[in-house]
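Peer 1: My questions are about this predicted structure, shown below with the sequence.
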There are 2 protein chains.
Amino acid sequence: MSTKVVAVVGATGVVGRQMLETLEARNFPLSRLVPLASERSRGKTVSFKGETIPVEVLSENSFEGIDIALFSAGGGTSKKYAPLAAASGAVVIDNSSAFRMDPDVPLVVPEVNAHALKNHKGIIANPNCSTTQMVVVLKPLHDAARIRRIVVSTYQAVSGAGIAAITELQEQSRALLAGEPYAPKVFPHQIAFNCLPQIPQSDAFLDNGYTSEEMKMVHETRKILGDDSIAVTATTVRVPVLNGHSESVNVQTEKKLTAAEARALLSKAPGVVVQDDPQHQIYPLAVNSTGKFDTFVGRIRDDISHESALDMWIVSDNLLKGAALNTVQIAEELL
Amino acid sequence: MSTKVVAVVGATGVVGRQMLETLEARNFPLSRLVPLASERSRGKTVSFKGETIPVEVLSENSFEGIDIALFSAGGGTSKKYAPLAAASGAVVIDNSSAFRMDPDVPLVVPEVNAHALKNHKGIIANPNCSTTQMVVVLKPLHDAARIRRIVVSTYQAVSGAGIAAITELQEQSRALLAGEPYAPKVFPHQIAFNCLPQIPQSDAFLDNGYTSEEMKMVHETRKILGDDSIAVTATTVRVPVLNGHSESVNVQTEKKLTAAEARALLSKAPGVVVQDDPQHQIYPLAVNSTGKFDTFVGRIRDDISHESALDMWIVSDNLLKGAALNTVQIAEELL
């Protein structure tokens, strides 16, 4: 296995930092790390394997000699620079939504559809955080019983919205507890001690009344599971949690699958940990998922409202499996 | 309209206090208020219409001369004292779950099934908070299109778990923000910056894997809407919100109802306010519902995963429409 020159675009952001930590934690075989960021990060450094590495300002010439470029700097940056990076010979793994639904771009969760990597043309897309953790759990159920319909409601942490969003939840909580006002800046409304049925923060709503985040869960789930006949409806909600997305998922299958059968399948599924002993208050929790590579599932039960459906509760670290980890796992698959 | 002697059992609790405020705010025609509570509240007083009234310790003789007794002191107290109060000639309106599924006890949301009050035998039950706000919205949709199945996920505030729960969320949030530990006392796990898929805090889980709170939403919805053929599945989740329950509700109907038709029906529904202009970030929010008598609904959209279903977001003050207000509204209906 040869070592690679790896660039991280958006290296100073919340996800970019997690990418560096994940590359280090998994001992990714790299010969050189090139942290890239926008003009705003000029002069900054990052820490990697005990070294302090200066951040380079992203430009059209940044990708010469790069083998793998991990992008997490927003859709605009990806749209402009990912094709340039690919043209320079790098394989791009892009965490933005820019290329996910492009039929020429594989959208990959390694435990689910690593085979899709075979036909890549230089750009590979990393799915949306809320989709990734759901499909890694749903894959074995789909294989066993063919999923027909998914009704999902999410409980999403603020970390997915960046550093300023984390600060806003912390500072607004502190202010409100002290009886002081704190006007929203990042979110459209108060996020502390509140639930917002809107993700992302701006330009969220489409003509069909869904948000772009909700429609990502619809389209990306189908593409990753490779079955456009799966019906999906999603309600995505921002909750006052710092990190770790939770999801209440109702899954209807063609073949009846009992909760016990689902639990048995999931206990063998890669990347999935079953935490399902409710009598002892054991079920997945956002605060316990933080820093973990696994996706956790519990509250698995036979849906009493339908002859062939299950309810479950899926939790994962949205910065890891939902972003940085999955990106690095794709890079590992490429080696 | 004659004035009534009204007892409030559990007058010093979170819901009891809201009952006093609601009786006052709605100018309920009472000749005398009798606040009752357990031994623990001996010596306490309550404020009502500018007067300070001593709390009386609840006993078997507390109900002589009482016309209406509003109970909110837990299932055990209701089971013991509600029959005594009814035998003394009082009409009991009970906020606990003790009698809700008793076929001899009407379970009433006045906007939905006030007619059920006619046959009461001295005890009337107030539904569970998460059910009440859902059925007040679903009633006009059921009348128009016959609801066949409901998939609901809740985002429930801590206030429903009492004063100690509110304090725990506040103090735990404060501690964690200061980097200090704060062990859970009321909740089975950390509630600050976390989501718990368990309500209530203890003895929650039934043999079918659902919690008692979830099964309340199943059984009570059917009883209030008067249709046992409605299929319901619920996932009830405690979120770090002080007050105001939010619900993500998917409703499948026999007759196709468009989002526009549902919005039109709901805009005329009693007790319901449509807040549904997402392009302008207008949708129901827990923090805005606090202190309001109405139930708010928004994010109404045609479910793209089903030919005859709707998604919506329902929010209400769980202490008011979910408890104290609905109880007082039942008393008003009785007059």
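Peer 2: Nice, thanks for sending it over.

Peer 1: for chain B, what are the nearby residues on the stretch 101-250 of chain A?
Peer 2: Remark: the part of the stretch 101-250 of chain A in contact with chain B comprises A:149-151, A:153, A:155, A:169-170, A:173-174, A:177, A:188-190, A:193-198, A:204-205, A:208-211, A:218, A:231-233, A:235, A:237, A:239-242, A:246, A:248, A:250, using Cβ under 8 Å from any Cβ of the partner chain. Where C-beta positions appear, they are placed from N, C-alpha and C, glycine not excepted.

Peer 1: please redo it, this time with the cut-off set to 6 Å
Peer 2: A:149, A:151, A:153, A:155, A:170, A:173-174, A:177, A:188-190, A:193-195, A:197, A:205, A:209, A:231-233, A:235, A:239-242, A:246, A:248, A:250 (Cβ under 6 Å from any Cβ of the partner chain).

Peer 1: Narrow those residues to those in helices?
Peer 2: The helices, defined by DSSP state H, take in A:Gln170, A:Ser173, A:Arg174, A:Leu177 from these.

Peer 1: For the last one, give me its contacts.
Peer 2: In other words, A:Leu177. With contact taken as Cβ atoms under 6 Å, 6 or more residues apart in numbering or on different chains, A:Leu177 is in contact with B:Gln170, B:Arg174.

Peer 1: Next: A:Gly162.
Peer 2: A:Val14.

Peer 1: in the helix or strand containing A:Ala86, what's buried?
Peer 2: A:Ala86 belongs to helix A:75-87 when assigned by DSSP states H and E. Under the neighbour-count criterion of 16 or more other Cβ atoms under 10 Å in any protein chain shown, helix A:75-87 has A:Thr77, A:Ser78, A:Tyr81, A:Ala82, A:Leu84, A:Ala85, A:Ala86 buried.

Peer 1: With distance to chain B and pLDDT added, can I get those in CSV?
Peer 2: CSV is the format used below for the buried residues of helix A:75-87 (distance: Cβ to the nearest Cβ, whole Å; pLDDT from 0 to 100):
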residue, distance to chain B, pLDDT
A:Thr77, 26, 98
A:Ser78, 26, 98
A:Tyr81, 31, 98
A:Ala82, 29, 98
A:Leu84, 35, 98
A:Ala85, 35, 98
A:Ala86, 33, 98
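
Peer 1: want to try a markdown table for the residues you listed, with distance to B:Ala183 as columns?
Peer 2: Output for the buried residues of helix A:75-87, formatted as a markdown table (distance: Cβ to Cβ, whole Å):
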| residue | distance to B:Ala183 |
| --- | --- |
| A:Thr77 | 44 |
| A:Ser78 | 44 |
| A:Tyr81 | 48 |
| A:Ala82 | 47 |
| A:Leu84 | 53 |
| A:Ala85 | 49 |
| A:Ala86 | 52 |
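
Peer 1: A:Val112 falls within a strand, correct?
Peer 2: No. Secondary structure of A:Val112 (DSSP: H, G, I helix; E, B strand; the rest coil): helix, not part of a strand.

Peer 1: Test my guess that it contacts A:Val135.
Peer 2: Yes. Under the criterion of Cβ atoms under 6 Å, A:Val112 makes contact with A:Val135 at 5.4 Å.

Peer 1: overlap in contacts of those two?
Peer 2: With Cβ under 6 Å, 6+ apart, A:Val112 and A:Val135 have common neighbours A:Ile224.

Peer 1: Out of the ones in helices among the residues of the stretch 101-250 of chain A next to chain B, grab the one that's most surrounded.
Peer 2: With neighbours taken as other Cβ atoms under 10 Å in any protein chain shown, the top of those is A:Ser173, carrying 24 neighbours.

Peer 1: ok, now which ones touch it?
Peer 2: So A:Ser173 contacts A:Ala192, B:Ser173 (Cβ under 6 Å, 6+ apart).

Peer 1: List the ones among the residues of the stretch 101-250 of chain A next to chain B that fall in strands.
Peer 2: Secondary structure from DSSP state E places A:Arg149, A:Val151, A:Ser153, A:Tyr155, A:Ala231, A:Val232, A:Thr233, A:Thr235, A:Ser246, A:Ser248, A:Asn250 of these in strands.

Peer 1: can you pull up the bridge partners for the fourth one?
Peer 2: Meaning A:Tyr155. Beta-bridge pairing for A:Tyr155 (DSSP bridges): A:Ser246.

Peer 1: Read off the pLDDT value for it.
Peer 2: The model reports A:Tyr155 with a pLDDT of 98.

Peer 1: neighbours around the residue in the stretch 151-300 of chain A that chain B sits nearest to, how many?
Peer 2: In the stretch 151-300 of chain A, the residue that lies nearest chain B is A:Gly209 (3.1 Å; Cβ to the nearest Cβ). Applying other Cβ under 10 Å, we find 19 residues neighbouring A:Gly209.

Peer 1: so what pLDDT did it get?
Peer 2: At A:Gly209, pLDDT is 98.

Peer 1: where does the residue nearest to A:Asn95 when sequence neighbours are not counted sit relative to B:Asp303, distance-wise?
Peer 2: The spatially closest residue to A:Asn95, leaving aside those adjacent along the chain, is A:Ser72, at 4.1 Å (Cβ to Cβ, 6 or more residues apart in numbering or on different chains). Distance of A:Ser72 to B:Asp303, computed by Cβ to Cβ, to the nearest Å: 32 Å.

Peer 1: These two: which is more packed in?
Peer 2: Taking neighbours as other Cβ under 10 Å, A:Ser72 and B:Asp303 compare with A:Ser72 leading, 26 against 23.

Peer 1: OK, contacts around the more buried one?
Peer 2: A:Ser72 makes contacts with A:Gly10, A:Val15, A:Gly16, A:Asn95, as judged by Cβ under 6 Å, 6+ apart.

Peer 1: if you set the cut-off to 7 Å instead, what comes out?
Peer 2: A:Ser72 makes contact with A:Val9, A:Gly10, A:Gly13, A:Val15, A:Gly16, A:Met19, A:Asn95, A:Ala323, according to Cβ atoms under 7 Å, 6 or more residues apart in numbering or on different chains.
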